[in-house]
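> What follows is a predicted protein model with its sequence.
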Amino acid sequence: MYSSYELWTSLCKKLVRQWNEYCCVICKQPRPYRIPSIGSSPAASTVAVSNRRFSSRDDEARREQLSVLREIVAAREIAHHCRSNNYVYSQLQDLGNNYGVDLDKLSFVQRLFLENRYIFEAIAKHIRVPDLLLEVQVCPTMDLLTTTYKTNTDAQVLKHLAEYLLSTEYYNRPRIFTDASKSSDGRCGIGVFDEHNGTRIMMQLKLGTSISTAETLAIQVAMQHIDKRGIQNAVLLTDSQPACLFLKKSRNSRMRNSVANDILEKAKRNRTTIQWIPGHVQVDGNETADGLARQALSAEFVMENDIFVHDAISYFEERQASKINSWYQDYVRQKGKTLKQLIESGSEEENPYWFAEENYTQ
């Protein structure tokens, strides 16, 4: 058992230590460290200097890591506010319209929004609609396909199933094929092929997106083409199951993505069916749309496009990836140095007088 004197002494020491740490944080000074007594052994002195140096490097590494991750966390929160189109987003927009604002007086979140406003404002908004659109036919699979995984079925079987579907259920209906492509440097292109009248559309997206978002935007461009020309009872064929599943889920909800709502409203008005078919199995129309999407990667015409919230978050994650990698490599190099290298790299002011080699001679 501890005596009351020992308990009070321990408590006072803890309070003094916490107060010193608090004052060091406020004044942005390094934490105080205990200087070993002159009579202490060289080994104890060496360990004391080593612990102090590694502790300061650990603290610096943690601060740098947090500063890098802070932007990703803040960007994720802003992106969700932009998608919801709520009061916070309206306040950020009003702040951006004030050209006389002093950036030094803004919070980190406000500065991040202003610096990347073109990204956040491109996020497709969620809107509330009064009615469901259950009458729109969205088919993310084929009736005769017993599995939902394309990789489990032979390519020739998939081709025959797709051709059979087009020659039976969709016989004598206008067919519009869509596809999207993404290059290694992040550029995205979309292609639309109207088999009914031979129209070919290819566009490069201004803002990079995921491939599923690009496929959805390709469907939107195709629906705009259908609506503009007044093509009735057409079938829109895409090789993106995620895009079809996304549209089918949006069809059954009253809280809808604005891009999905635009597609579904036009599909309802023109009685268009959205059908998934397997890609890269030599279906003629799909191969043509795929070629157009690849050509669009180097096309001169660049389309202003919406992005989804996960695209905005991925943009900031990729931008910070190089910073995180740089921090990690530097941290590994610092931690990998030997004690002698760390001591020799320090200045004379950092090495106390009692650490000099001549003080250890007996």
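Everything's here; your move.
> what helix or strand is residue 181 on?
Take DSSP states H and E as the rule and residue 181 turns out to sit in strand 175-182.
> Can you tell me the strand partners of that strand and which way each runs?
When pairs are called by DSSP bridges, strand 175-182 turns out to pair with strand 188-194 (antiparallel), strand 235-238 (parallel).
> and the residue lying closest to residue 203 once chain neighbours are set aside, bridged to which residues?
Using C-beta to C-beta, 6 or more residues apart in numbering and skipping the chain neighbours, the partner closest in space to residue 203 is residue 303 (4.3 Å). (Each C-beta comes from the backbone N, C-alpha and C, glycine too.) As for beta bridges, residue 303 partners with residue 205 under DSSP bridges.
> The nearest residue to residue 271 once chain neighbours are set aside: neighbouring residues, count only.
Setting aside the residues directly before and after it, residue 271 is nearest to residue 233 in space (C-beta to C-beta, 6+ apart), at 5.1 Å. Residues near residue 233, counting by other C-beta atoms under 10 Å, number 12.
> Residue 233 is in contact with residue 269, isn't it?
No: counting by C-beta atoms under 8 Å, residue 233 sits too far from residue 269 to count as a contact (11.8 Å).
> how much space between residue 306 and residue 139?
For residue 306, the distance to residue 139 equals 24 Å [C-beta to C-beta, to the nearest Å].
> between the two, who's got more neighbours?
A direct count of neighbours by other C-beta under 10 Å for residue 306 and residue 139 places residue 306 higher, at 21 against 16.
> who's in contact with residue 125?
82, 83, 84, 85, 257, 258 (C-beta atoms under 8 Å, 6 or more residues apart in numbering).
> can I get those in CSV with distance to residue 316, pLDDT and secondary structure?
Below are the contacts of residue 125 laid out as CSV (distance: C-beta to C-beta, whole Å; pLDDT from 0 to 100; DSSP: H, G, I helix; E, B strand; the rest coil):
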residue, distance to residue 316, pLDDT, secondary structure
82, 13, 96, helix
83, 15, 96, helix
84, 18, 94, helix
85, 20, 93, coil
257, 20, 96, strand
258, 22, 97, helix
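> which of these count as buried?
Taking 16 or more other C-beta atoms under 10 Å as the criterion, what is buried in the contacts of residue 125 is 82, 83, 85, 257.
> returning to that earlier point: include distance to residue 282 when you put the contacts of residue 125 into TSV, please.
Below are the contacts of residue 125 laid out as TSV (distance: C-beta to C-beta, whole Å):
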residue	distance to residue 282
82	41
83	39
84	43
85	43
257	33
258	35
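> Which one of the residues you listed is nearest to residue 119?
Set against residue 119, the nearest of the contacts of residue 125 by C-beta to C-beta is residue 82 (9.1 Å).
> Tell me how far that closest one lies from residue 259.
The spacing between residue 82 and residue 259, counted by C-beta to C-beta, is 14 Å.
> Could you tell me how many residues sit around the residue nearest to residue 203?
Quick note: residue 303 (other C-beta under 10 Å) scores 16 neighbours.
> Let me know the pLDDT of it.
Looking at residue 303, its pLDDT stands at 93.
> Now do the same contact list for it.
Contact analysis of residue 303 by C-beta under 8 Å, 6+ apart lists 190, 203, 204, 205, 206, 221.
> can you check residue 186 too?
208, 318.
> Would you mind giving the secondary structure of it?
coil (DSSP: H, G, I helix; E, B strand; the rest coil).
> what about the strands in the stretch 51-200 of the chain?
Taking DSSP state E, counting those that start in this stretch, the strands of the stretch 51-200 of the chain run over residues 126-128, 138-139, 175-182, 188-194, 199-205.
> And for stretch 188-201, what's in contact with it?
Stretch 188-201 has contacts (C-beta under 8 Å, 6+ apart) with 174-183, 202-205, 208-209, 211, 214-215, 217-218, 221-222, 225, 231, 234, 285, 288-297, 299, 303.
> Give me the distance from it to the chain's centre.
Mean-position distance between stretch 188-201 and its chain equals 29 Å (C-alpha atoms, centre = their mean, to the nearest Å).
> cool, and stretch 81-88?
Its chain's average C-alpha position is 18 Å from that of stretch 81-88, according to C-alpha atoms, centre = their mean.
> Can you measure across that stretch, start residue to end residue?
Terminal residues of stretch 81-88 are spaced 6 Å apart (C-alpha to C-alpha, to the nearest Å).
> which other residues reach that stretch?
Around stretch 81-88, the neighbours that count as contacts under C-beta under 8 Å, 6+ apart are 89, 92, 120, 121, 123, 124, 125, 126, 127, 309, 312.
> tell me the two of the buried ones among the contacts of residue 125 that are most distant?
82 and 257 (12.6 Å).
> Tell me the most packed of the contacts of residue 303, by neighbour count.
residue 190 (30 neighbours).
> How about it, nearest residue that isn't a chain neighbour?
Spatial nearest neighbour of residue 190, chain neighbours left out: residue 218 (3.8 Å); criterion: C-beta to C-beta, 6+ apart.
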